Every structure is written in structure tokens, then in C-alpha cells.
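Trainee: Below is the sequence, then the predicted model.
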Amino acid sequence: VSTQSTGTTTQTLQSTKVQTQRRYDYIYDPLFTLSSNRDHARERYKAYIAPDRVKKVPHYGPMFSGLNHFPSQQIQIDSVDPVPSFMSRKWQGYQKQPVQMNNVNPHLAVSGGDRYKYSRRPIIPFLQQVPPDVLLQTTRVDPTMPPPEQQQSRPPTPLTWTVGVQTMYRESEVQTDPYTPEYVTEKGTVPELLTLASLSYTRGLPAGLAEVEMIERAREKRAWEKTLPPVDDVSQLPKRRAMMEELERKEWVIREREIEKLQQVRLQVLKQILEKREEDNTNTNTERLNAIWSKKQVAKDAKFKKMRTENIKALRKLAADREKVEGKLSRRNVVSDYSSFASQVYAPQTRVGVFLDRGSELYNVKNRYLNTYEGLLELENSLPDYVTQPRIKLPTLVSGKGGAKKRFEKRLKELDDTADLIKLEKEKQFEVPAPPRFLQKVVRPPPRPPTPSVETPSEEDEKRELAVIFLQQLLRGRAVQNMMQEGKEKRMELIDELRSTECLKPEEDKKIKESKKAARGVQRKQRMMHHKESLANEMLEGMGGKNIGQMADFLSKELVRLQEEQRIHAFALLAERKRRMREAEESGKRQVEERRRMEEDEIWRQMCNCHQGTMETYLEDIIVRSVDKTADEQARQEIQTKAEKINDIAYELESKRDRLQSENMVAELVYSFLLPEVEKETLRENVKREQRRHILAAHSVIHAQTPDIEKEGGSSKQ
């Protein structure tokens, strides 16, 4: 896939698959070598089960079946063999074996270390589909074991030993199918698990929702078979037939549902395949259009570039020709060339034939020490230490008795003192000022207030106070008793009434008990009547509920059927709508594509017309300029020849004429040129004078009407 923009081009190359060998190279190719008969059998088996020989043969009975034990199709290998029957299928090593046996060294021991060279095992195919050439009876004795005399006794098996196990982290290629061990059942018993013997790994196992439903239906069917009447009972045959017909109808309903599900799945798969095909077609068309567009774009850019180059070349030629219209050759102005830095002296153009950087690669410095890493390392190792590790030494002071050294030391000491002072000032800013050591004021605590004191009373006062308190309690108790007595006297009538009613209470209790008994009897009778009514209502409600339940069941099933019918109808409408939408989209895409194709054709036609018009205009311009140039040159030549002839005639006349002829010629010239010009000037002055008179009259009329117009405008504004 190649994609090109205005400046870059990207190309993607797809790798092709190379076939390592052909299918029947082991038969036809004489140079195809196999190591043993086992490899020959393997190649033969691969050719036998080639993908193009495997075919799917449908079973017309269960064609729409989705069950694993009733497959809808069968995989078979084509019986037609592409290899002719006269071709030998045996291993070619058998024919070459006698030649190899003649070259055997006779000194080799047949029963020693070279025994494997003289032994050959029979071909045992690893699958049942390949018909074996030779089958021998297997033996329980290992042929690779030494004779019994040389066998050593087996060491005892230890209690513990280390074995290799397979972890749960493994690749999917080594995943094997679950192993199904052999089983033995008791006589007269059929375990339920054996009904699932038709299921196998990847064909029903692990069990999914469909398998679970099948198992449940099988259980229900077995339970239903137990409830069937016996076959030998003639009176129960109609009932048995009705039950079997009902079961058959249920199975057909289930079968129809399964067929509908399978059809839905197949429709979904077909829909996905169609969508994938549409997407692939769209991608292919897009890639094809992109490739065509990129090619057209490259051709257009190349054509535009060529046209620009030719246009620039033609413009340069026209500019050069325009400078030479007069036919005069101008010499080079050396002063102007060297005074202008944009001239050919300083910046010569390449199209003129000057290449300033030609041979510049000769001046490039090519050194191994500068262009390679190893050369840089070698150059670095060759340099002395003082180049890569510079050392700076402080200048030493010259000791002497002069005053310069003393002044320098004094100045250095002053600078050190100043630096110390600055450092101390900075440290003082961050320190907490300590309190002064001497003259520190000691703050004394305030004095405590005096403790209040109470005078102790005498014993007589205390006894007197206790007596007063006791007397107050007696008085208060007596006042409460008086209040109670007064209240009793006020409510004496009520107390008497309550005492009289208390005497009549037993008779009232008896009456109340008798009325309670009568009420309980009436309630008991009412409960019995309610119980009987409730039993009757329950029976009626049960019968009505059963009828209502059957009716509701029928209505619910009918509702489900109607919903399914509506859903199927809705699916059909949606499918029809989607089909119409797709048809509309396809028609819209087709119209857009046709419109786009028409636009591109029109653009291409207009572009071709533009290019053709440009070329015609360009050629017409060149032809017109050539014609003008040729006509100009011819006119100049004719004028020059006529001027030469007129000059010759004039010179000849000048030599022959006298004074009178000269005066007559002058008079004719004055009469022909000077007098007519004077008459023309006089006529122009008269015309201007007449026009001036009319203009003045028009101005006077306009200026006379101007004040009236201004007055009218002012009054209209007010």
C-alpha cells in the first residue's frame, strides 16, 4: 500500500509466504531424502489428510440438528487419489539397502555396539486412518533389554523420592484432552452417568446451558416412562397412546425452538460474514482509490513542476530579448558589478555555469583520530596529563624587606577582621538575648488575705435553737392533720354513698357473670356458623381459583404466543427496514460516487482546457511577438532604404538648384506650414470667446436663483 502526500511518500511491503515443500515431493522428487520409513509414513499421512481432500458431507435427516450425538454433517476424506495407481508408494530406502549392505565392514560385531545398524522395527501407524503395510503381534518383552543372565537385580524402591510434576502454568499447545478411564457396571443396573457417554471433550463437555437442559429433559422423560401404563394391559392402550402423543407434541415444540435458535445463530453468523465482506470490499476500494489518487497526484506534481520550469525559462528568455529590442549591445559595467553585492561577481548563479562549491570535498579534513571513536581514545591517551588535568598554582609572595609586603599583610588582616565582624553580626541576629546578670529585679508574690473567723456559740443558745426547730416540726404536723380532718368532713356524703354501693357489689357480680356466660354462648354459636361458612367459601374459592388458574395459564400462553408472533413480525419489519436502509445507503453512495466521478471528470476537463488555453495563449503570444518583431525590423529596413533614397535625391537637387528655386521652396513651406497654423490658432481663439460668453450667461442665471433656493431651504427646516 503506497500513500503520497504533497511532500512525502510511504510504501508498505507485505511479506509473501513461501512453501517449503510440495505435497508429493516424497514420491516424485528424486532428490527428496527421508531418514527412515517412519518419516516416509508421516509424509504419506500428511498428504493423505490434506485440507483440500477433507470434505463435509451433510446428513439429510438431522440436517438442522444442533446436538452433539445427532450431528448435521460428517467430515470425510475424498476417495479419489490424485496420485496414479502405477506410482510406487513404498519407501525408496528398501531399494538402496542391498547396495549399502555390500559396503558393511565385516570386522564390526553384529551383537555388540553396532547391533542397531542391523535391526529394523516394523511400521506401526500412529493413527487408525492410515492403512498399515505391516502389522506384527506386539510382545510384552522389551527387545532392548539385555539377556536375563546380564540383568541386575532391581534396587528396592525408597520410601520417598523426587518426581517431576506439571504445574498449572503451561502453554496451550501442550494441553491434552481429559482422560476417561475404563469402567465396569453391576449386572442389572444402568447408572444415570452412562446416559452421558455420548458427550466428550469439546463436544458437550464441559457442559453448558444446552447440555444441562438436555440432561433435565432426559430425566423428565425417564420419569415419564415410569408412569406409562404397561403394554400388556389392553384397557390402558388409549391412555398410553394419548400420553405418547402428548410427549411427542412437546418434543416437537422443543425441537422447533431449537431449530429457531439455530436459525437465529446462523442468520447472525451470515450477517457478520456479509458485514465483514462489505468492510473488506470498502477497504479494498479505498486502497485502490488511494493508490490511483497517489499516482495521479505524482503525475500532476511532475507536470506542474515541468510547466513551472518551462515558464521560468521562457520568462528569462523574454526578459533577455526585451533588453535587446533596440538591437544595441551594451558593454559590461565593471564598476556597477563590483559596487552591487547582488551581482554575478559576488553571487554567481549556477545556471550560468559557475559552481563555487565544486571540488569542496578536497578541502575536508579526513583524519582517523577525529572521525572514529577508537581514534579519539588513542588521541586522548597520547596527550600529556597537564592537558586533560590542568593544575593551577597560587602565586608565591616574594619575601623581602620592602614595604609592599607589609602593606599587603596589613590589608589582608583588615579584610579578615572585617569578615569576622560580619559573621558575628549575622550570628547575633539569630540568638535570643540573655537577661542581664546583675541588677535584676526580683518580683515578690502578693500577700495572702486574712482567714475569716466565726465566733463559737454557747451551749445554751444551741439547745434553745434545737428546741425551736422541734417545736416548728410539731406545729407543721398538727396543721396537716387539721387539714385532713376538714377535708373528710366536707366529703362525708360521698364517703357514705361509696360505702352503700359496696354492700350491693356481690349481687351485681353475679348478674355480670350470668350475662358473660350468655354472651360467650352466643359467640360460640356465631363462631361455628362462621367456620361452616368459611369452609364452604374455601371450597368455592378453590374451585374458582382452579378455573381461574387454568384460564390465566391459557391466557399467559396465548400472550406469550402473541408476543413471539409480534416479535417475529417486528424482526421481519426491522429486517425489511434495514434492507431498505441499506438499499438507500447503497443508492446514496452510488449517487455520491457518480457525482464525485462527474466532478472529477469536469475538474479534469477544466484543467485540460486551462492547460490547453494556457499553451495556446503562450504560443499565440510568442507568434504575435515574433510577427511584431519581424514587422518592426522590416519597417525599419524599408524606412532606412527610403530615407537613403530621399537623401540622395535631396542632395542631388541641392546640388542642381539655384537661389530662386530655394526662395520658392521657402515660400511654399511658409505657405504650407506657417500660415495654416496661424489660421488654426485664430479659429481656436474665436471658438473659446464664443464659449466664454455662453458660460458667463449660465453663471449669471445660476447665481441669480441661488438666494431664492437658500431661503426656501431655511423655511422648510424651520
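Mentor: Arrived safely. Computed from a prediction, not measured in an experiment: that's the story for all the values here.
Trainee: hey, let's count contacts and neighbours off CA atoms from now on
Mentor: Noted.
Trainee: Below-threshold pLDDT in this structure: ranges please.
Mentor: 1-19, 93-154, 164-180, 325-329, 360-361, 363, 390-405, 429-442, 500-506, 713-718 (pLDDT under 70).
Trainee: Looking at it, which helix is longest?
Mentor: Longest helix in the chain by number of residues, with DSSP state H as the criterion: helix 505-656.
Trainee: how distant is whatever helix or strand comes next after that one from the center of its chain?
Mentor: Going down the chain from helix 505-656, the next helix or strand is helix 659-669, by DSSP states H and E. Put simply, helix 659-669 sits 106 Å off its chain's centre (C-alpha atoms, centre = their mean, to the nearest Å).
Trainee: Output helix 659-669 as PDB - backbone C-alpha positions only.
Mentor: Only the C-alpha atoms of helix 659-669 are listed here, as PDB (Å, rounded to 0.1, in the frame of the first residue of the first chain):
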ATOM      1  CA  ARG A 659      18.800  80.900 -55.400                       C
ATOM      2  CA  LEU A 660      15.400  81.500 -57.000                       C
ATOM      3  CA  GLN A 661      14.400  77.800 -56.500                       C
ATOM      4  CA  SER A 662      15.500  78.000 -52.900                       C
ATOM      5  CA  GLU A 663      13.300  81.100 -52.200                       C
ATOM      6  CA  ASN A 664      10.300  79.400 -53.900                       C
ATOM      7  CA  MET A 665      10.800  76.400 -51.800                       C
ATOM      8  CA  VAL A 666      10.900  78.500 -48.600                       C
ATOM      9  CA  ALA A 667       7.800  80.400 -49.700                       C
ATOM     10  CA  GLU A 668       5.900  77.100 -50.300                       C
ATOM     11  CA  LEU A 669       7.000  75.800 -46.900                       C
END
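Trainee: could you check the angle helix 505-656 makes with it?
Mentor: 160 degrees (axes from the mean of the first three to the mean of the last three C-alpha atoms, to 10 degrees).
Trainee: With Glu593 as the reference, measure out to Pro62.
Mentor: As judged by C-alpha to C-alpha, to the nearest Å, Pro62 and Glu593 stand 47 Å apart.
Trainee: Strands along the stretch 101-250 of the chain, start to end?
Mentor: Applying DSSP state E, counting those that start in this stretch to the stretch 101-250 of the chain gives strands spanning 200-201, 204-205.
Trainee: Now tabulate these in TSV and tack on mean neighbour count and distance to Thr160.
Mentor: Below are the strands of the stretch 101-250 of the chain laid out as TSV (neighbours: other C-alpha atoms under 10 Å; distance: least, C-alpha to C-alpha, whole Å):
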stretch	mean neighbour count	distance to Thr160
strand 200-201	14	35
strand 204-205	14	37
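Trainee: Reformat the ones you listed as CSV; add distance to Arg499.
Mentor: Converted to CSV, the strands of the stretch 101-250 of the chain look like this (distance: least, C-alpha to C-alpha, whole Å):
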stretch, distance to Arg499
strand 200-201, 101
strand 204-205, 96
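Trainee: Tell me which of the ones you listed lies nearest to Ala698.
Mentor: strand 204-205 (119.7 Å; C-alpha to C-alpha).
Trainee: List the strands paired with the closest one, with their directions.
Mentor: Strand 204-205 has the following strand partners under DSSP bridges: strand 200-201 (parallel).
Trainee: Off-centre distance for the partner strand?
Mentor: That offset, for strand 200-201, works out to 38 Å (C-alpha atoms, centre = their mean).
Trainee: swap in stretch 411-428?
Mentor: Offset of stretch 411-428 from its chain centre (C-alpha atoms, centre = their mean): 70 Å.
Trainee: CA atoms only for that stretch, dumped as CSV, please.
Mentor: Extracted C-alpha coordinates of stretch 411-428, given in CSV (Å, rounded to 0.1, in the frame of the first residue of the first chain):
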residue,chain,number,x,y,z
ARG,A,411,45.5,44.9,54.2
LEU,A,412,44.9,41.2,54.4
LYS,A,413,44.5,41.3,58.2
GLU,A,414,42.0,44.1,57.9
LEU,A,415,39.9,42.1,55.5
ASP,A,416,39.9,39.1,57.8
ASP,A,417,38.8,41.2,60.8
THR,A,418,36.0,42.7,58.7
ALA,A,419,34.8,39.2,57.6
ASP,A,420,34.8,38.0,61.3
LEU,A,421,32.8,41.1,62.3
ILE,A,422,30.2,40.4,59.6
LYS,A,423,30.0,36.8,60.6
LEU,A,424,29.4,37.7,64.3
GLU,A,425,26.7,40.2,63.3
LYS,A,426,24.9,37.5,61.4
GLU,A,427,25.1,35.1,64.3
LYS,A,428,23.7,37.7,66.7
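Trainee: what comes into contact with that stretch?
Mentor: Outside stretch 411-428, no residue is within contact range by C-alpha atoms under 8 Å, 6 or more residues apart in numbering.
Trainee: Same check on stretch 629-636?
Mentor: Residues contacting stretch 629-636 (C-alpha under 8 Å, 6+ apart): none.
Trainee: hmm, 10 Å instead?
Mentor: With contacts defined as C-alpha atoms under 10 Å, 6 or more residues apart in numbering, stretch 629-636 is touched by 325-327, 623-628, 637-642.
Trainee: Lys300: which of these is nearest?
Mentor: Nearest to Lys300 among the contacts of stretch 629-636, with distances taken as C-alpha to C-alpha, is Ile623, at 27.9 Å.
Trainee: Can you pick out the most distant pair from the contacts of stretch 629-636?
Mentor: Going by C-alpha to C-alpha, the pair spanning the contacts of stretch 629-636 furthest: Ile623 and Lys642, at 28.0 Å.
Trainee: how far does stretch 56-73 stretch from start to finish?
Mentor: Note: stretch 56-73 ends 6 Å apart using C-alpha to C-alpha.
Trainee: whoops, stretch 662-681 was the one
Mentor: With C-alpha to C-alpha, one end of stretch 662-681 sits 28 Å from the other.
Trainee: Residues in contact with that stretch: which ones?
Mentor: Contacts of stretch 662-681 (C-alpha under 10 Å, 6+ apart): Glu654, Arg659, Leu660, Gln661, Thr682, Leu683, Arg684.
Trainee: mind listing what the first one touches?
Mentor: When contacts are counted by C-alpha under 10 Å, 6+ apart, Glu654 is found next to Asp648, Gln661, Ser662.
Trainee: Likewise for the second one?
Mentor: The neighbours of Arg659, taking C-alpha under 10 Å, 6+ apart as the test, are Met665.
Trainee: what's the distance between it and Met665?
Mentor: 10 Å.
Trainee: do Asp81 as well
Mentor: On the measure of C-alpha to C-alpha, Asp81 and Met665 end up 127 Å apart.
Trainee: what's the answer for Glu465, then?
Mentor: Relative to Met665, and taking C-alpha to C-alpha, Glu465 is found at 183 Å.
Trainee: Tyr369: neighbouring residues, count only.
Mentor: 14 (other C-alpha atoms under 10 Å).
Trainee: again, but for Glu43
Mentor: 17.
Trainee: Next SSE downstream of the helix or strand where it lies?
Mentor: Using DSSP H and E, Glu43 sits within helix 37-48. Counting by DSSP H and E, the next helix or strand C-terminal to helix 37-48 is strand 54-58.
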